[in-house]
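A.B. asks: Task: produce atomic coordinates for the following.
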Amino acid sequence: PKAHDAAPGGVKVCRQPLPTVKLASAKLADQVGIQTAAAIEESHAHELTANADTAYDANRYADITPRVAGFLREVRADLGKVVKQGEVIAVVDSAEVSTAKAQYITAKAAEGLAQITYDRTKPLAREGVLARKGEVETLTALNQAKASLLDASQRLKNFGFDDARLERILKENDTSSFLDVVSPLDGTVVVRHAVKGEPVQAVTPIFSVTDTSVMWLWIDVYESDIADVDVGQKVAFRVSGKDDVAFAGTVNWIGTEVNQQTRTTRVRAELANPKGKLRANQFGQAEIQVGDEHKAVVVPKAAVQRKDDVDVVFLPQEEGGVYRPQRVVAKPTDRGDVLEVTWGLKPGQRVVTKGAFLLKTEIMKGAIGAGCCE
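C.D. replies: Prediction:
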């Protein structure tokens, strides 16, 4: 029976020694171009790479409509303008606004008159001077007047008038037809359809405002990788053609379905964009950190050879031209040029890089039919 060592992760590594490779001379190593490099310990975290594209943060984006039909009397904002919440960006001239104000003023006067009438009738009816029926009739009229006033005030509130402006309408007997269109949030104007003097409809967007300091990133993660992704993981995004600049963020939502055509699941991340360099609909690569950062021993990819289903590296010995095979357990990293060695090497040990395949062929000459590590 063949003896084995247990490596991390339950991998069994054969303990039967491999033959040491001895070149004819130390000079031969230089002639065939054998090179070595040290195994390096570095901080490492496993990452998942996927295609991604940017979008505005829907929680910080608003399409702005005039709320009434009319004509644009003023346009105070243009593309790129930074606006504050409540700032007036346009003024609409609408007969609906004038009519609503007049109805509110009339309803308020009617409510006041109904209240006075009820206040006078109530004590007279209870003293028997007037019939009880008169009190009921005046109370009914008062309630109807209050309902009409509530309806008229609510219509103006739907247009964006607050309580302070409603009081001003009454105080100034204001029946003007002008309605201010205001921004509902702090942000930048990114869409403009407003043109002074043109007609507008109540629900037709004339501006779009968004806060571009934060952007969304939509990542298409393959079905086979989605189990490794979790909310809160770090994300780095690089725009195609600009690999030197990375935008940092975190995963904040994972889709609940797989696209039938692409076999990918949509994952959403939130990216910081303080200088506004990111724009909506940019395409690139996202790197999701799917594991905790840890210390790892890495070697050049060329140093690790595969023999009998086991990874092997070659350690140069003090005696020139002599190389000892060392079984290791290696796994891929997010860098294409190195592998992480989880078992079998210590930091600082030198391994053969260029020429490692040649050394493997030398030990295979003497191992044909040996059947090690089956």
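A.B. asks: quick one: low-confidence parts of the stretch 101-250 of the chain?
C.D. replies: Scanning the stretch 101-250 of the chain for pLDDT under 70 picks out the ranges 128-129, 131.
A.B. asks: And the strands in it?
C.D. replies: 178-182, 187-192, 199-200, 207-210, 214-222, 234-239, 247-254 (DSSP state E, counting those that start in this stretch).
A.B. asks: which residues does the residue nearest the centre of the chain bridge with?
C.D. replies: Closest to where the C-alpha atoms of the chain average out (CA atoms, centre = their mean) is Ala269, at 2.3 Å. Beta bridges link Ala269 to Leu217, Val251, judged by DSSP bridges.
A.B. asks: how close does it sit to Leu48?
C.D. replies: 12 Å (CB to CB, to the nearest Å). Using the backbone N, CA and C atoms, a C-beta is placed for each residue, glycine as well.
A.B. asks: Name the residues contacting each of the two.
C.D. replies: Here Ala269 and Leu48 have Ile288 as joint contacts, going by CB atoms under 8 Å, 6 or more residues apart in numbering.
A.B. asks: want to throw the strands of the stretch 101-250 of the chain into JSON lines with mean neighbour count?
C.D. replies: As requested, the strands of the stretch 101-250 of the chain are arranged in JSON lines below (neighbours: other CB atoms under 10 Å):
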{"stretch": "strand 178-182", "mean neighbour count": "19"}
{"stretch": "strand 187-192", "mean neighbour count": "18"}
{"stretch": "strand 199-200", "mean neighbour count": "18"}
{"stretch": "strand 207-210", "mean neighbour count": "23"}
{"stretch": "strand 214-222", "mean neighbour count": "21"}
{"stretch": "strand 234-239", "mean neighbour count": "20"}
{"stretch": "strand 247-254", "mean neighbour count": "17"}
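A.B. asks: Which of these sits closest to Arg165?
C.D. replies: Taking CB to CB, strand 178-182 is the member of the strands of the stretch 101-250 of the chain nearest to Arg165, at 9.3 Å.
A.B. asks: Sheet-wise, list the partners of that closest one with their directions.
C.D. replies: strand 88-93 (antiparallel).
A.B. asks: wouldn't Gly255 be in contact with Val229 here?
C.D. replies: No: using CB atoms under 8 Å, Gly255 is not in contact with Val229, being 9.9 Å away.
A.B. asks: between these two, what contacts are shared?
C.D. replies: With CB under 8 Å, 6+ apart as the test, Gly255 and Val229 both reach Val267.
A.B. asks: All the helices of the stretch 1-150 of the chain, residue numbers only.
C.D. replies: Here the stretch 1-150 of the chain has its helices, by DSSP state H, counting those that start in this stretch, at 26-31, 95-126, 132-158.
A.B. asks: With just CA atoms, put the first one into CSV.
C.D. replies: Once side chains and other backbone atoms are set aside, the C-alpha atoms of helix 26-31 remain, and they are given as CSV (Å, rounded to 0.1, in the frame of the first residue of the first chain):
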residue,chain,number,x,y,z
ALA,A,26,25.8,23.1,-13.0
LYS,A,27,26.6,24.9,-16.2
LEU,A,28,23.9,22.9,-18.0
ALA,A,29,21.2,24.6,-15.9
ASP,A,30,22.3,27.9,-17.4
GLN,A,31,22.5,26.5,-20.8
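A.B. asks: Show me what counts as buried in it.
C.D. replies: Buried residues in helix 26-31, counted by 16 or more other CB atoms under 10 Å: Ala29.
A.B. asks: cool, and the longest one?
C.D. replies: When neighbours are counted by 16+ other CB under 10 Å, the buried residues of helix 95-126 are found to be 96-98, 100-101, 103-105, 107-108, 110-111, 114, 117-118, 121, 125.
A.B. asks: how many other residues sit next to the nearest residue to Asp180 once chain neighbours are set aside?
C.D. replies: Spatially, and ignoring its direct neighbours in sequence, Asp180 is nearest to Val88 (4.6 Å; CB to CB, 6 or more residues apart in numbering). Neighbour count of Val88, defined by other CB atoms under 10 Å: 13.
A.B. asks: please begin residue numbering at 214 from this point
C.D. replies: From this message on, residue numbering opens at 214, which makes the last subject Val301.
A.B. asks: residues in contact with Val301?
C.D. replies: 289, 393-395.
A.B. asks: Distance of it relative to Ser396?
C.D. replies: Applying CB to CB, the value for Val301 to Ser396 is 8 Å.
A.B. asks: Just to check, Thr425 is in contact with Gly400?
C.D. replies: Yes: using CB under 8 Å, Thr425 is in contact with Gly400, at 7.2 Å.
A.B. asks: And the contacts of stretch 265-276?
C.D. replies: Contact with stretch 265-276 is made by 396-398, 400, 403-404, 418, 420-425, 427-433, 450, 482-484, 491-499, as judged by CB under 8 Å, 6+ apart.
A.B. asks: same thing but at 7 Å, please
C.D. replies: 397-398, 400, 418, 421-424, 427-433, 450, 491-499 (CB atoms under 7 Å, 6 or more residues apart in numbering).
A.B. asks: what sits against Leu398?
C.D. replies: By CB under 7 Å, 6+ apart, the contact list for Leu398 reads 273, 275, 298, 422, 424.
A.B. asks: Now render the residues you listed as TSV, adding distance to Lys508.
C.D. replies: Below are the contacts of Leu398 laid out as TSV (distance: CB to CB, whole Å):
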residue	distance to Lys508
Arg273	39
Ala275	47
Gln298	48
Val422	47
Asp424	40
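A.B. asks: tell me which of those residues is nearest to Val503?
C.D. replies: Using CB to CB, the contacts of Leu398 come closest to Val503 at Arg273, 27.6 Å.
A.B. asks: count of neighbours near the closest one?
C.D. replies: Neighbour count for Arg273, taken as other CB under 10 Å: 17.
A.B. asks: count of residues packed around Gln495?
C.D. replies: Neighbours around Gln495, by other CB under 10 Å: 18.
A.B. asks: If we ignore the residues flanking it in sequence, what's nearest it?
C.D. replies: For Gln495, the closest residue by CB to CB, 6+ apart turns out to be Thr267, at 4.6 Å.
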